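*Asks:* A structural model of the following input is requested.
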Amino acid sequence: MKEKYLAHISDDKTREQLLMDHLIGTAELAGQFAKAFDCEEQGRATAKSHDLGKATIAFEHRLLHDGPKVDHSTAGAKELYNIGGLSNILAAYCVAGHHAGLPDGGAPGEGAGTPTLHGRMAKELEDYSDFLKEIEIPKIPVPPLKSIGKKGGFSLAFYTRMLFSCLVDADYLDTEKFMSNGAVVRPKSDSMDVIFKLLAQHITPWLKNTDRNTINGRRTEILKACLEKGQAAQGLFQLTVPTGGGKTVSSMAFALRHAVEHDLERIVYVIPYTS
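*Replies:* This next block holds a predicted model:
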């Protein structure tokens, strides 16, 4: 067995981060993040195998001698995929894409040249088997999902994206901590309650306009509806409003009131920008 496998070296080449330390650090963070949706074990297990491909001669050459780039994400995805089971396969998607983005599934039997998950699983990799003596790749338990829709596809897709987000964030933060020698300190953000009060102060003058014959009056109507819906039970909501209707502020008002109402910690805002 090799004496040590490295995940990173500092810019000045004076410090080294062991691969096992990086996997453990990333797993701890990913588990903490995923705990918010009752999937701490799933987050921890996914992150634990994300960089297995770094336990190779090719990656060591890349790291120490500025060699060519190495695919270090497919190895962990393969190990998870080969164990089988829905949870492990979804985790394999996350590991395979933790630098490039979630891959498409593709079709069984696809060649190694395609960037899909099945294509990645057919890829020949550098030998990393020695490191498998040091680490256990678990069978990941089924996540406790609330099914939305007839077959639960939406819930599975959303869970996968959340798990992926936990892994990517944890990976970057653990790497940043090492590269900065632990010097990065971020201030805590304001609570949802404080942020909602700030928004309420901003929009209070708008709420006085009740003239439905004006655009601003209609915007007020939409805003009030969103504030009211923010007090409803948790679920899936849709907001359909024409361009210029004030969706940005109204949707934020809904999200903040909903977060305060249900003691939620985060708002995740995802939008396709086309401009």
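*Asks:* And for residue 91, nearest residue in space, chain neighbours not counted?
*Replies:* Among residues not flanking residue 91 along the chain, residue 46 sits closest, at 4.2 Å (Cβ to Cβ, 6 or more residues apart in numbering). Heads up, the C-betas are built off the backbone N, CA and C, glycines and all.
*Asks:* packing partners for the helix or strand where that neighbour lies?
*Replies:* Here residue 46, judged by DSSP states H and E, is contained in helix 40-48. Using 3 or more Cβ pairs under 8 Å, 6 or more residues apart in numbering; DSSP states H and E as the contact criterion, the elements in contact with helix 40-48 are helix 19-34, helix 86-96, helix 153-179.
*Asks:* ok, and which of those helices has the densest surroundings?
*Replies:* Ranked by mean neighbour count under mean count of other Cβ atoms under 10 Å, these are led by helix 86-96, which reaches a mean of 24.
*Asks:* Can you give the contact residues for that one?
*Replies:* For helix 86-96, the surrounding residues in contact (Cβ atoms under 8 Å, 6 or more residues apart in numbering) are 42, 45-46, 49-50, 73-74, 76-78, 80-81, 102-103, 105, 117, 120, 139-143, 156, 159-160, 163-164, 167.
*Asks:* and that helix, average pLDDT?
*Replies:* Helix 86-96 shows an average pLDDT of 96 in the prediction.
*Asks:* distance between that helix and the chain's centre?
*Replies:* Put simply, helix 86-96 sits 13 Å off its chain's centre (Cα atoms, centre = their mean, to the nearest Å).
*Asks:* between that helix and helix 19-34, how big is the angle?
*Replies:* Calculated by axes from the mean of the first three to the mean of the last three Cα atoms, to 10 degrees, helix 86-96 forms an angle of 120 degrees with helix 19-34.
*Asks:* lowest confidence element among the helices and strands of this structure?
*Replies:* The helix or strand of the chain with the poorest confidence is helix 57-65; it has a mean of 91 (mean pLDDT, DSSP states H and E).
*Asks:* Following element in sequence after that one, please.
*Replies:* For helix 57-65, the following helix or strand on the C-terminal side (DSSP H and E) is helix 74-83.
*Asks:* any idea how far the least confident helix or strand of the chain is from the chain center?
*Replies:* Using Cα atoms, centre = their mean, the offset of helix 57-65 from its chain centre is 28 Å.
*Asks:* swap in stretch 176-187?
*Replies:* For stretch 176-187, the distance to the chain centre is 20 Å (Cα atoms, centre = their mean).
*Asks:* can you list contacts of it?
*Replies:* Contacts to stretch 176-187, defined as Cβ under 8 Å, 6+ apart, come from residues 7-8, 10-11, 15, 17, 22, 25.
*Asks:* Tell me who's in contact with residue 207.
*Replies:* Going by Cβ under 8 Å, 6+ apart, residue 207 touches 220, 223-224.
*Asks:* is it true that residue 140 touches residue 48?
*Replies:* No. The pair residue 140 / residue 48 is not scored as a contact, 10.0 Å apart, by Cβ atoms under 8 Å.
*Asks:* which residue is nearest the middle of this protein?
*Replies:* Nearest residue to the geometric centre of the chain (Cα atoms, centre = their mean): residue 165, 0.4 Å.
*Asks:* I'd like the distance between it and residue 238.
*Replies:* Distance of residue 165 to residue 238, given as Cβ to Cβ, to the nearest Å: 23 Å.
*Asks:* So what's the residue count around residue 222?
*Replies:* Neighbours of residue 222 under the rule other Cβ atoms under 10 Å: 19.
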